[in-house]
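Asks: Need a 3D model of the following:
(3 chains)
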Amino acid sequence: MKNKKIVMDAEGIDRSLTRIAYEILEKNKGVEDLVLVGIRTGGVFLAERLRRKISGIEGKEVPLGILDITLYRDDLQTSHPKPRLGKTDIPFSLDKKKVVLIDDVLFTGRTIRAAMDALIDFGRPMLIQLAVLIDRGHRELPIRADFVGKNLPSSLWEAVSVILTEKKGSDEVVIEIR
Amino acid sequence: MNLLLKGGRVVDPSRKKDAVESLLIENGKIIQSRKELPRTGKANRKENATGLEVLDLRGMILVPGLIDMHTHLREPGFEFRETIASGSGAAVAGGFTSVACMPNTNPVNDNRSVTEFIRRKAAESSLANVYPIAAISLKSEGEILSEFWDLKDAGAVGFSDDGKPVVNAALMRRALEYASSLNMPVISHCEDRSLSSGGVMHEGFVSTEIGLPGIPGIAEEVMVARDLLLAEFTGAPLHIAHVSTAGSVRLIREAKTRGVRVSAETAPHYFSLTDEALRTFDTAMKVYPPLRGEEDRIAVREGLRDGTIDVIASDHAPHARTDKEVEFHFAASGITGLETSLALSLRLVLEGILSLSELIEKMTIHPARILRIPKGTLADGADADITVIDPEREWIVDRGLFRSRGKNSPFHNWPLKGKAVLTIVGGCIRYRDF
Amino acid sequence: MKLNRKDILGIQELSVEEINLILETADSFIEVSTREIKKVPTLRGKTVINLFYEASTRTRTSFEIAAKRLSADTINISASTSSVVKGETLIDTAKNLEAMNPDIIVIRHSAAGAPHMLAAILRQSIINAGDGAHEHPTQALLDMMTIRSRKGTISGLKVAIVGDIAHSRVARSNIHGLTKMGASVCVAGPATMIPLDIEKMGIVAHTRVEEAIRDADIVMVLRIQTEREKQNIFPSLREYAQYFSLNRRNIGLARKDVLIMHPGPMNRGVEISSDLADGPHSIILNQVTNGVAVRMALLYLLTGGAS
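Replies: Numbering: from 1, shown residues only, chains lettered A, B, ... in the order given. A predicted model of the protein is given here:
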């Protein structure tokens, strides 16, 4: 029997993203030098939604990049077959930019570590901030998000997944026992 | 020591015999063979007194000692591949009591001293009978005839430049004429080097796909055709070695119909394997002539069935590991064959291509007649060279267990049925596996 | 779909799914080579040996760049034509390399099957960088990647391969790959360069270039090994250039948007006229660029775990 629980519905997700959009603008005092980078795959659709919200608020487009962190993962040495590699697409310079990294769930922090290493290979940002929809705890690295949709205390044997309409039929955050 | 072989099925094509009978061997000769055992009290007392060993061979097949008329024993010169002693050991383990060995040693067997050396080494190892085949030309270079009379006197039983073709047609003509006057066969390695050069496998779809340079079937057939014409012209006996293609079988069949004095042999790998086996690039599959296409394999079997091909010979070509553990291009050609030849040939009987008697003919009396050696029969008074075959024995080829120094077998790990379990040479048991 | 194999020896044994995975992975690697810092840490601490028994600047450099952009350490060994020359067997050479614990061995050899021999006995991954006239899988993969990136798909395209088919590993690998991916392939060259039964590979063979390139979407021109002249494979370079080259006169038979490819190095004025090689239809340099990405993809997909 699967123990599955919806912890955030479509409205909840939307409200969180709206709040995060305002927080990003507030903290960065507008959109100047601001760029968004979504982490493949979970962060990409969230980044696009945040971009729309920000442009709705400010009336200005913010550059959006997509980052695949596979090549920077710290568990590649032992994995065979290899995880599928996605495309990285950051069609602008990161030099002196305020970069907001966006992912769906913040867990051990290893993905964010890989993402920061990757970003730094693309240039020298003025600063990097992190926005996540869910922070489920259990950090293995000293990493903390600047913008959090919802703090969701979880146990290690639970799986937290963010489901978005862009991929599946509904918007919801689900927690289930593995 | 005298031997009484009781209860086995004796298959002796030289006497058109296939019946259960006993063989009594005294002083290295078959002194009687008949259906009934010697039953008289007198005979029994005699047996006891002389320590007659009686072997119960019920369920076994007794055949005249097998003859492999095409082997490479590598000595002198290439003792790291095989010696006359190790090769003779492989022979008796494979059921062969007599082998003929090709002259491509170092030095080449093109003179009396090499022939005598081979015979002396064979006598010292005293396992199988070894019959040297001498070179047609000095150093097998295709230029100058070797001394056929002197070589015959020294014990050579035929002439061949095996491993190389005799390129010069005039030299081949002279060799046939001269050998004919000695009543000796010329054994031809048929290959047109201008057509085969650079090739390492059969030219066909497989070579096209895997990109190894091909040796076309015509490289063999062009030379078979030439030699058949020369044999017809000279009237001399010609033996074609290692027939591998459908075209060669057809040419020989036609020549025989015309009455040309030609005989032919093929090797077990040509009726057991095809070029498909090359897809793994396993150098054990590299041999000359190369493993051919399926239509060739079928034609060779048909040639065996209809008598176009008279002899099965292994073309036993042992190689050292270092000869084979290199790129396919550079690997030595050849298959070590003495210890798998019989069982692979017995498959022809199981598959209904040949009767047992027809098979044994191709491995006993036919090669004996071609080489004019007094072997291949179990008639009264004949040398007691006998091979006992267990037709039901199932075994798996393990090259590691070969007595040959050459482990280069493409049949490693093949399950086979039928095996020589007792090899008697000149009345002495030289191999026993039961 | 994951690539779960130890070695890349040829296209023949790859499935369509595996080819797609490799091409898609390679597409993702294109971007790495366009960065300011063209290096990712993926293969840090891995060692790639380029064992080249046959001279090849282009392929060796491409593999070396691919490995370095993935942060692997690379060692280039340019051996003589064969281990035999040194008096050492290939197996001995291989075992010596294995004892030094590399992760991947890239091998180029003039003898077909040499990579297979290594793959059978070594625990390391082997990538075939060209073996005799057998296969050149990375070349075919980069060719397919280039075609796909330009045409969107391979399926349904008409591809003509022109030149010495008999001696070409590029032709064989591409025939395997392109037919698997749904292209219709034909080859053309003098009859002496068309190997026996080649049509059994699922293609059409012509002895006139014009017949092959008519309505072709892609024309792949092969390099003529000039030493073949001596083997009477063709009478002279002059005659070959006149009757079997791709040139301004015959290219009009192909489709208007035809793409011209060549695995390099080119004999300008022999198998291809210089203006076509440099012209708007030529994607020869894209092939080279994609070569690095394909090789990065293979190094990435093959390395890892002692699983």
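Asks: just the strands in the stretch 51-200 of chain B please.
Replies: Under the criterion DSSP state E, counting those that start in this stretch, the stretch 51-200 of chain B contains strands at B:53-56, B:61-64, B:66-71, B:96-101, B:129-132, B:159-160, B:186-188.
Asks: tell me which residues in the last one are buried?
Replies: Put plainly, it is strand B:186-188. Of the residues in strand B:186-188, those buried by neighbour count under the rule 16 or more other C-beta atoms under 10 Å in any protein chain shown are B:186, B:187, B:188. Heads up, the C-betas are built off the backbone N, CA and C, glycines and all.
Asks: and which of those is nearest to residue B:88?
Replies: residue B:187 (20.5 Å; C-beta to C-beta).
Asks: Go ahead and confirm that closest one touches residue B:239.
Replies: Yes: between residue B:187 and residue B:239 there is a contact at 4.5 Å, judged by C-beta atoms under 8 Å.
Asks: Give the residues shared as contacts by the two.
Replies: residue B:158 (C-beta atoms under 8 Å, 6 or more residues apart in numbering or on different chains).
Asks: So what's the residue count around residue B:228?
Replies: Look at residue B:228: counted by other C-beta atoms under 10 Å in any protein chain shown, it has 23 neighbours.
Asks: ok, it to residue B:302 distance?
Replies: Distance of residue B:228 to residue B:302, computed by C-beta to C-beta, to the nearest Å: 18 Å.
Asks: Any idea which helix or strand in chain B has the lowest mean pLDDT?
Replies: Taking mean pLDDT, DSSP states H and E as the measure, chain B has helix B:41-50 as its least confident helix or strand, at a mean of 49.
Asks: residue nearest the centroid of chain A?
Replies: residue A:103 (1.1 Å; C-alpha atoms, centre = their mean).
Asks: Identify the residues contacting the residue of chain B found nearest chain A.
Replies: Ranked by C-beta to the nearest C-beta, the top residue of chain B for proximity to chain A is residue B:280, at 24.7 Å. Residues in contact with residue B:280 (C-beta under 8 Å, 6+ apart) are residue C:116.
Asks: The residue nearest to the centre of chain A in helix, strand or coil?
Replies: The three-state label for residue A:103, taken from DSSP: H, G, I helix; E, B strand; the rest coil, comes out as strand.
Asks: hey, what's it bridged with?
Replies: residue A:132 (DSSP bridges).
Asks: helix or strand right after the helix or strand harbouring residue B:220?
Replies: Element membership for residue B:220, per DSSP states H and E: helix B:217-234. Once helix B:217-234 ends, the next helix or strand along the chain (criterion: DSSP H and E) is strand B:238-240.
Asks: Could you tell me which residues within the helix or strand sitting right after that next one along the chain count as buried?
Replies: Heading C-terminal from strand B:238-240, the first helix or strand you meet, by DSSP H and E, is helix B:246-258. Within helix B:246-258, the residues that count as buried by 16+ other C-beta under 10 Å are B:246, B:247, B:248, B:249, B:250, B:251, B:252, B:253, B:255, B:256.
Asks: So the residue nearest to residue A:144 when sequence neighbours are not counted: helix, strand or coil?
Replies: The shortest distance from residue A:144 to any non-neighbouring residue, by C-beta to C-beta, 6 or more residues apart in numbering or on different chains, is to residue A:130 (7.6 Å). Here residue A:130 is recorded as strand under three-state DSSP.
Asks: Residue B:14 belongs to a helix, doesn't it?
Replies: Yes: membership of residue B:14 in a helix is supported by three-state DSSP.
Asks: buried set for stretch C:7-19?
Replies: Buried residues in stretch C:7-19 (16+ other C-beta under 10 Å): C:7, C:8, C:9, C:10, C:11, C:12, C:14, C:18, C:19.
Asks: just checking, which of those belong to helices?
Replies: Applying DSSP state H to the buried residues of stretch C:7-19, the entries found in helices are C:18, C:19.
Asks: ok, so of the buried residues of stretch C:7-19, who is nearest residue B:74?
Replies: residue C:9 (34.5 Å).
Asks: Where does the prediction get shaky in the chain?
Replies: By default, I'm working from chain A. Applying pLDDT under 70 to chain A flags the ranges A:1-2.
Asks: Let me rephrase: I mean chain C.
Replies: Applying pLDDT under 70 to chain C flags residues C:81-86, C:304-307.
Asks: Spell out which residues of it are next to chain B.
Replies: C:12, C:82-84, C:89-92, C:109-114, C:116-117, C:131-135, C:166, C:169, C:172, C:195-198, C:200-201 (C-beta under 8 Å from any C-beta of the partner chain).
Asks: Now the stretch 51-200 of chain C against chain B: closest residue?
Replies: Taking C-beta to the nearest C-beta, chain B has its nearest neighbour within the stretch 51-200 of chain C at residue C:113, 2.9 Å off.
Asks: pretty sure that residue contacts residue B:281?
Replies: Yes: Residue C:113 is in contact with residue B:281 according to C-beta under 8 Å; the separation is 2.9 Å.
Asks: Pull the number of nearby residues for residue 90.
Replies: Answering for chain A, as no chain was given. Neighbourhood size, residue A:90 [other C-beta under 10 Å]: 20.
Asks: Oops, wrong one, chain B.
Replies: Each residue near residue B:90 was counted by other C-beta under 10 Å, and the total is 30.
Asks: which residues touch it?
Replies: Contacts for residue B:90 (C-beta under 8 Å, 6+ apart) come out as B:82, B:316, B:318, B:336, B:338, B:339, B:402, B:403, B:404.
Asks: and if you look at residue B:146?
Replies: B:110, B:111, B:134, B:135, B:136, B:137, B:138, B:159.
Asks: quick one on the thing from earlier: generate a ChimeraX selection restricted to the buried subset of the residues of chain C next to chain B.
Replies: Buried residues among these (16+ other C-beta under 10 Å), as a ChimeraX selection:
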select /C:12,82,83,84,89,90,91,109,110,111,112,113,114,116,117,131,132,133,134,135,166,169,172,195,197,198,201
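Asks: Give me the subset of the residues of chain C next to chain B lying in helices.
Replies: Those of those lying in helices (DSSP H): C:83, C:84, C:90, C:91, C:92, C:114, C:116, C:117, C:169, C:172.
Asks: Greatest separation within the residues you listed: which pair is it?
Replies: For these, the farthest-apart pair by C-beta to C-beta is C:92 and C:172; their separation is 28.9 Å.
Asks: coming back round to it: dump the contacts of residue B:146 to CSV, plus neighbour count.
Replies: Converted to CSV, these look like this (neighbours: other C-beta atoms under 10 Å in any protein chain shown):
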residue, neighbour count
B:110, 26
B:111, 18
B:134, 30
B:135, 30
B:136, 31
B:137, 22
B:138, 15
B:159, 29
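Asks: Show me the strands in chain A, by range?
Replies: A:4-8, A:34-39, A:64-67, A:98-106, A:127-135, A:147-151, A:158-163, A:172-177 (DSSP state E).
Asks: Could you list the residues in contact with the shortest one?
Replies: Residues outside strand A:64-67 that contact it (C-beta under 8 Å, 6+ apart) are A:35-40, A:44, A:47-48, A:51, A:87-92, A:101, A:115, A:118-119.
Asks: In a strand, residue B:271, correct?
Replies: No: Residue B:271: not assigned to a strand; according to three-state DSSP it is helix.
Asks: Next, the buried residues of stretch C:98-111.
Replies: For stretch C:98-111, a neighbour-count test (16+ other C-beta under 10 Å) marks C:98, C:102, C:103, C:104, C:105, C:106, C:107, C:108, C:109, C:110, C:111 as buried.
Asks: so, in contact with chain A or not, that stretch?
Replies: No: applying C-beta under 8 Å from any C-beta, one finds stretch C:98-111 out of contact with chain A, separated by at least 9.8 Å.
Asks: Straight-line length of that stretch, end to end?
Replies: By C-alpha to C-alpha, to the nearest Å, the extent of stretch C:98-111 from end to end equals 21 Å.
Asks: Understood, closing this out.
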